[in-house]
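>>> sequence first, predicted coordinates after that:
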Amino acid sequence: MEQYFVWNTDPVLMRFGVLDIHWYGLLFAAAFGFGMAIMRFIFRREGKPEGDLDALLIYLGLGTVLGARLGHVLFYDPAFYFSNPAEILAIWKGGLASHGGAIGLALSLYLFCRRRSDIGYLWLLDRIAIVALLGGCLIRVGNFFNSEIAGVPTDIPWAIVFSRIDTLPRHPTQLYEACVYLVMFLLMFLLYQKRRAPLEPGFLSGLFLSAVFSARFLLEFTKMHQASYDYSLPLNVGQLLSIPPVLVGLTLMVLAKRSGRKLLCEQTS
């Protein structure tokens, strides 16, 4: 075990009396902070009212957290939570599902756009997809500090021993996901910023869904089971939940490209 890196960092960054500041909470907050900074840049660049960003942050925060919590309750441990309903509210004990967070985010953006005629749903969804990747990267780093969502045991040279779990070297799956999301964020932000003509509405959202959840499907092979009931299934819950977003993403990309070609034909005819 001496040849492997041992991770035993305290998940609490600072303590102030009875108040604990966790690495995960700090990185979760940073995800929204950096996301809003990028969205402010995008709103200025495209002439959208920056005053809408405060309301947008509230919608995003509530939608993402509620969706992620309900996703964990319904997808990963429904038997426990339905038997102990008071535990559903105990978010401080952990338990946020990214699939549920994605659904909550999409619904909250829809509700936000219903009140504003100057901001289209797909327009906003495309741009939030960019910042969501950076947020996903930071949150997975937070999972790493918590020694949660660790990988299965392995003997690869870069395996890590999470001493808060056991003494076995494991895949640092949290860092795999964080690196994938960071690379995707950089690529999508460059695609958005450098492209002269605006991308067809829905294309970036489709790219986000298809790329992120394809990567998630593959990385699940290195991850410990998160649900207590999926050991007998050919695929784990995370993989099964990743298939629909991939299909939706590919559909959005195809429809976006078709609408773009149709508009081009109308302009040249």
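Structure's in. What do you need? Residues are numbered from 1 along each chain as shown.
>>> for the rest of this, base every contact and every neighbour count on C-alpha atoms.
Fine.
>>> who's in contact with residue 226?
76, 149, 237-238 (Cα atoms under 8 Å, 6 or more residues apart in numbering).
>>> in TSV: those, plus neighbour count, secondary structure and pLDDT.
As requested, the contacts of residue 226 are exported to TSV (neighbours: other Cα atoms under 10 Å; DSSP: H, G, I helix; E, B strand; the rest coil; pLDDT from 0 to 100):
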residue	neighbour count	secondary structure	pLDDT
76	22	coil	84
149	16	coil	90
237	20	helix	87
238	24	helix	87
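>>> what's the closest of the residues you listed to residue 24?
In terms of Cα to Cα, no member of these lies closer to residue 24 than residue 149, at 12.8 Å.
>>> in the lowest-mean-pLDDT helix or strand in the chain, what's buried?
When the helices and strands of the chain are compared on mean pLDDT, DSSP states H and E, helix 237-268 comes out lowest with a mean of 80. If you call a residue buried by 16 or more other Cα atoms under 10 Å, then helix 237-268 has these buried ones: 237-239, 241-243, 245-246, 248-253, 255-257, 260.
>>> now do the strands in the stretch 151-269 of the chain.
Using DSSP state E, counting those that start in this stretch, the strands assigned to the stretch 151-269 of the chain run over residues 160-162, 169-170.
>>> now for residue 183, how many residues are close by?
Each residue near residue 183 was counted by other Cα atoms under 10 Å, and the total is 15.
>>> go on, residue 43?
Under the neighbour criterion other Cα under 10 Å, residue 43 is assigned a count of 18.
>>> now swap in residue 72 and tell me
Other residues within reach of residue 72 by the criterion other Cα under 10 Å amount to 24.
>>> ok so, going back, turn the strands of the stretch 151-269 of the chain into JSON lines, including mean pLDDT.
Conversion of those to JSON lines gives the following (pLDDT from 0 to 100):
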{"stretch": "strand 160-162", "mean pLDDT": "96"}
{"stretch": "strand 169-170", "mean pLDDT": "96"}
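>>> any idea how far the closest residue to residue 227 other than its chain neighbours lies from residue 111?
Using Cα to Cα, 6 or more residues apart in numbering and skipping residues adjacent in sequence, the residue nearest residue 227 is residue 76, 4.6 Å away. Per Cα to Cα, to the nearest Å, residue 76 is found 27 Å from residue 111.
>>> take the strands of the stretch 151-269 of the chain and write them to JSON lines, including distance to residue 119.
What follows is the strands of the stretch 151-269 of the chain, written out as JSON lines (distance: least, Cα to Cα, whole Å):
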{"stretch": "strand 160-162", "distance to residue 119": "45"}
{"stretch": "strand 169-170", "distance to residue 119": "45"}
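>>> let's have those in TSV, adding mean neighbour count.
Compiled in TSV, these are given as follows (neighbours: other Cα atoms under 10 Å):
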stretch	mean neighbour count
strand 160-162	25
strand 169-170	24
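>>> so where's the stretch 1-150 of the chain uncertain?
Scanning the stretch 1-150 of the chain for pLDDT under 70 picks out 1-2.
>>> which residues in the stretch 51-200 of the chain form helices?
When assigned using DSSP state H, counting those that start in this stretch, the helices of the stretch 51-200 of the chain occupy the ranges 52-75, 78-83, 98-114, 121-145, 173-194.
>>> next, count neighbours for residue 3.
The burial count assigned to residue 3 is 10, neighbours taken as other Cα under 10 Å.
>>> just say helix, strand or coil for it.
When classified by DSSP: H, G, I helix; E, B strand; the rest coil, residue 3 comes out as coil.
>>> how close does it get to residue 136?
In terms of Cα to Cα, residue 3 sits 30 Å off from residue 136.
>>> tell me what the least confident helix or strand of the chain is packed against?
Contact partners of helix 237-268 among helices and strands, from 3 or more Cα pairs under 8 Å, 6 or more residues apart in numbering; DSSP states H and E: helix 203-219.
>>> may I have the helix it packs on as CSV, with CA atoms only?
These are the backbone C-alpha positions of helix 203-219, laid out as CSV (Å, rounded to 0.1, in the frame of the first residue of the first chain):
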residue,chain,number,x,y,z
PHE,A,203,-26.9,22.7,-30.4
LEU,A,204,-24.8,23.4,-27.4
SER,A,205,-27.4,21.9,-25.1
GLY,A,206,-27.4,18.8,-27.2
LEU,A,207,-23.6,18.6,-27.3
PHE,A,208,-23.6,19.0,-23.5
LEU,A,209,-26.1,16.2,-22.9
SER,A,210,-24.6,13.8,-25.3
ALA,A,211,-21.0,14.3,-24.4
VAL,A,212,-21.3,14.6,-20.6
PHE,A,213,-23.6,11.6,-20.1
SER,A,214,-21.7,9.5,-22.6
ALA,A,215,-18.6,10.2,-20.5
ARG,A,216,-20.6,9.5,-17.3
PHE,A,217,-21.8,6.2,-18.8
LEU,A,218,-18.2,5.0,-19.4
LEU,A,219,-16.8,6.3,-16.1
